[in-house]
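# model this:
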Amino acid sequence: MTELTLPRNNRLLVIDDKEAIHADFKKILQPSEPAATGLEDARSALFKIAQRPTAARSFEIDCAPTGEEGLERVKQAIAHDRPYALAFVDVRMAPGWNGIETTERIFQHDPDIQIVICTAYSDYSWEEMIERFGQSDRLVILKKPFDTVEVKQLAHALTEKWELGQKARARTDQLEKMVALRTHELQAANAQLKIEMAERTKAEESLRQAQKMEAIGQLAGGIAHDFNNLLTVISCSVESLALDIQPGTDAEEAVREIDVAASRAAKLTSQLLMFSRKKRIQAERLNLNDLINQLGTMLRRLLGENLAVEIQTADQPLTVHADPVMLEMVLLNLAVNARDAMPEGGRLSIRSELVEIKTLETRNQATVNPGYYVCVCVEDTGNGILPEVLPHLFEPFFTTKDVGKGTGLGLASALGVVQQHGGWIEVESRPGCGARFNIFLPLETEQTREEPDPRPKPRVVSGN
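As a prediction, the model looks like this:
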């Protein structure tokens, strides 16, 4: 803490109706020559050398003949930021206010000034003064005729007291500002700590979810691999049986049912392998706009006439390094889910655009590096998704469809494919307001990590 230095206040006010009293105070408190101490006198006489003058404190004294004029001087001094430290007030003044009334009014305008009431009579007792003023820490009684030394002592002591009071107030203000600043810093640190704790909790939850998904993926991959071998035997056996069965018989129908079931099982196995990331991707450099436009033509035939399919791709090529078959499977899966959410018809739109992410972020259990990404938005006008369902949407074997109408692996497999390509999926939905799935994939440029020059400018993504 810095040491406070305030200028000394030597300003005094004498309020008395006698000019002689004014002159006496000036003579006592404004010496014309520096005073020598007794020690200096003895030193000069003993060693016969010239005295060394010592500087006495000199006061700046203003005088007022009446209480009304004295109060006016106090007001002006405050207005000019040059307040009086001390006022000597005569208790009897004529005409106008007496010293007690004058002191009472001065206290109302200047709460810091020190007052010395000069009196030769017992007009008011000390108790009466205290009862009237309500305070005694700034009030002193000086009996007339007063002694010169006593006047000097009071002047020095009370001006020093005034200065100490100002320093104490300034120090208190300084401490209050320091406390306020420190409190603000602690509040900011506490808020930052809460954010970091929330982020840590989210990261821990993401890690647990990732570990759980990895364990499920390993289990599903192992089962799918062995199951696929069994399906190969079943399929070959069905083909052999079909050659020896007479057409139109019950046996032929049974073999056909076995073949259909085997095909469904093979599809489920493929989804399991894709979810467990054990299915090798055949990545190539492709323009995602071309894939979306081709898929749109197929979806218009597949989804039926009661669904309007809108395709809107970016003006510039959006190149990614990906497996076109897998990405087509992802978009087809989302389109079929959208169709199931719109049994009475509706609108499905698929849009693509280039986005730029400025800062390192954590989004949906994935750490996202800054850079350019292709965003494919699949949006429908269907029933929407319940809030309690959203956190479980990409969990394997979780489905809201009726038994036999969904395996619960479609969205889990779609997320696995997108993550294999270095991307992520975000979902926005409310009941009755449709759903929007945003698929983000890293943009592939001619030179790795080279910034593209897209036209129009990419949309900047800065929040989750």
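
# can we go C-alpha only for contacts and neighbour counts from here?
Fine.

# Please report the distance of residue 180 from residue 392.
According to CA to CA, to the nearest Å, residue 180 and residue 392 sit 46 Å apart.

# same question, residue 358
Counting by CA to CA, the gap from residue 358 to residue 392 is 29 Å.

# Show the low-confidence segments of the stretch 101-250 of the chain, by residue range.
Under the criterion pLDDT under 70, the flagged ranges of the stretch 101-250 of the chain are 122-123, 135-136, 209-226, 228.

# domain assignment for the chain?
For the chain, the structural domains run 11-146, 281-461, going by automatic domain parsing.

# Please name whichever of the ones you listed is nearest to residue 208.
In terms of CA to CA, the element of the domains of the chain nearest to residue 208 is domain 281-461, at 10.2 Å.

# so how far is that closest one off the chain centroid?
Mean C-alpha position of domain 281-461 versus that of the full chain (CA atoms, centre = their mean, to the nearest Å) differs by 32 Å.

# pLDDT averaged over that domain - what is it?
Taken as a whole, domain 281-461 has a mean pLDDT of 82.

# Residue 11 against residue 83, yeah?
Yes. Residue 11 is within contact range of residue 83, at 7.4 Å (criterion: CA atoms under 8 Å).

# How about residues contacting stretch 254-261?
The contact list for stretch 254-261 (CA atoms under 8 Å, 6 or more residues apart in numbering) reads 235, 238, 241-242.

# So which of these belong to strands?
Applying DSSP state E to the contacts of stretch 254-261, no entry is found in strands.

# Just the buried ones among those residues, please.
Applying 16 or more other CA atoms under 10 Å to the contacts of stretch 254-261, the neighbour count classes 235, 238, 242 as buried.

# correct me, but the last one touches residue 249?
No. With contact taken as CA under 8 Å, residue 242 and residue 249 are classed as non-touching, separated by 11.3 Å.

# do you know how far residue 266 is from residue 128?
As judged by CA to CA, residue 266 and residue 128 stand 107 Å apart.

# Actually, residue 329.
99 Å.

# Which one of those two is surrounded by more residues?
A direct count of neighbours by other CA atoms under 10 Å for residue 329 and residue 128 places residue 329 higher, at 15 against 11.

# what's the helix or strand for that one?
If you go by DSSP states H and E, residue 329 is part of helix 324-340.

# the strands in the stretch 101-250 of the chain, which residues?
Per DSSP state E, counting those that start in this stretch, the stretch 101-250 of the chain carries strands over the ranges 114-119, 139-143.

# swap in the stretch 351-464 of the chain?
Counting by DSSP E, counting those that start in this stretch, the segments of the stretch 351-464 of the chain that form strands are 361-363, 366-368, 371-380, 424-429, 435-442, 459-461.

# Give the partner strands of the third one in its sheet and their orientations.
Within its sheet, strand 371-380 is paired with strand 346-357 (antiparallel), strand 435-442 (antiparallel), according to DSSP bridges.

# For the closest residue to residue 60 other than its chain neighbours, grab phi and psi.
Distances taken as CA to CA, 6 or more residues apart in numbering put residue 11 closest to residue 60, at 4.7 Å, once the chain neighbours are dropped. Main-chain torsions, residue 11, degrees, to the nearest 10: phi -90, psi 120.

# Give me the pLDDT value at residue 11.
94.

# Spit out the contact partners of residue 324.
Contacts for residue 324 (CA under 8 Å, 6+ apart) come out as 283-284, 286, 291.
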